[in-house]
Structure formats: C-alpha cells, structure tokens
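In: No letters, just coordinates:
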C-alpha cells in the first residue's frame, strides 16, 4: 500500500489537491476583502445594484422566487460526475493523470477568479450580501461558511464560482465525443461482417440516445 502512495504520480496529484484547497481558501479571503472595500467606498450611502437587463426582463417571476442555493447541488454533482467520468475513461491507463488534469483546470480557474476579484470591482447584484471584514476568530468561521455556500458574498456574482466549475464540463464532453467516435468506427467495421443495415441503424440510434442522455446529465444545472 505504501509503495502505491509513495510514487511521483500520487505525490503530484496530492500536491494539486492541496493547492486547490489553498487557492479556494485564499479566494474566500479576497471575497470578504472585496465586500469590505465596497462598503468603504460607499461610505454609508446606499449601494445601487448593477442592473441585470436579462434577469429583469426575460427571466419569469416564478424562477426569481427560487432560493439562491438552488444550483449548488446540481453544480456539485456535475463536478463530481466529470471527475469520475475522467477516472473511468482512463482507468486502464493512468487514472491519476486524468484526476490531475481535472484538478489542474480547477486550480487555474479558481486562481483566475481570485485575481479577478482582487483587481476588479463593479456594483454588486445584491447589496444585502455586502458585509464588513470579520474580526478575530470570526474570520475563519465566515470564510468556511462562504466556502461551503452557506454565506453569500456581494462580489460572488461578478466572477461566479459555479461558472468556474461548469467550465470543466467541456473537457468531459470532449472525452465523450471521442468515445462515441470510436464506437461508431467499431460498429461500422463490424457491420460488414455481422450486422444488417437495419440492425446497424438501430444500434446507431441507441448510441445517439445514450450520448444525448449523458450530455444532458453533464450539462444540466
């Protein structure tokens, strides 16, 4: 067991996982600092929110009554599904390499989010989420609640963390399309020996249905 863990591949994977945790925690501190700066710039005056034309005019009112956390579970499921799918497609070759690629993409996205939040400031979409920087031990408790989406930040909507996670989905879809392509080639080669044209059409329709279902599963938010 120790020999499997004491390998360069496992150490690189563990390093990327720890780095992701550190970047995510630093990103939360930047969010709290950005919220505090927004309040300091306002100097006690009421903060005018950023006008969202699409949300105000095109989104039905029934959707606006949904809780803000409505997308948290689908986003988390999508992220886990992408990572598990990558591991499954590389299981016989190098599953840790697939995991490292997913972690590396997430590291880049969240680092970019942290830099964006620290250098850019726009009017918040909901000023009620703005709060001063916590003091003392409340810093770690507030950062933990923000990291787990139990506490909202007024700078959160500027560079959405959910969008960062969704950006990893094309990677999984790319793998799916490659697998589907090889399946079609295999069926085409085999059809000349085994299947009739009607059977091949039926199998192709089944394959398209499976691909469409998987695509909806990974893209649904």
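Out: Alright, I've got the coordinates. Predicted model, so just to flag it, every value in this text is computed and none were measured.
In: mind listing the helices for the chain?
Out: Using DSSP state H, the helices found in the chain span residues 2-5, 8-42, 53-57, 61-64, 72-89, 95-119, 138-147, 161-166, 169-191, 197-219.
In: Go through these and find the least confident stretch.
Out: Across the helices of the chain, the stretch with the lowest average pLDDT is helix 197-219; it has a mean of 51.
In: Look up how far residue 12 lies from residue 99.
Out: Distance check for residue 99 against residue 12: by C-beta to C-beta, to the nearest Å, it reads 10 Å. Yep, even glycine has a C-beta here, placed from its N, CA and C like the rest.
In: Could you do residue 57 as well?
Out: Distance, residue 57 to residue 12, using C-beta to C-beta: 48 Å.
In: When the two are compared, which one has more neighbours?
Out: Shown here are residue 57 and residue 12; by other C-beta atoms under 10 Å, residue 12 has more neighbours (15 against 7).
In: Disregarding residues adjacent in the polypeptide, which is nearest to that one?
Out: With C-beta to C-beta, 6 or more residues apart in numbering as the criterion, residue 12 has its nearest non-adjacent residue at 6.1 Å, and that residue is residue 100.
In: Hmm, residue 17 and the one you found touching each other?
Out: No - taking C-beta atoms under 8 Å as the definition, residue 100 is not a contact partner of residue 17, at 9.2 Å.
In: mind listing what's buried in stretch 110-122?
Out: Residues of stretch 110-122 classed as buried by neighbour count (16 or more other C-beta atoms under 10 Å): 110, 111, 113, 114, 117, 118.
In: The second one: what's it in contact with?
Out: Residues touching residue 111, when contacts are defined by C-beta atoms under 8 Å, 6 or more residues apart in numbering, comprise residue 23.
In: related to what we said a few turns ago, now do the contacts for the residue nearest to residue 12.
Out: Neighbour list for residue 100: 9, 12, 13, 16 [criterion: C-beta under 8 Å, 6+ apart].
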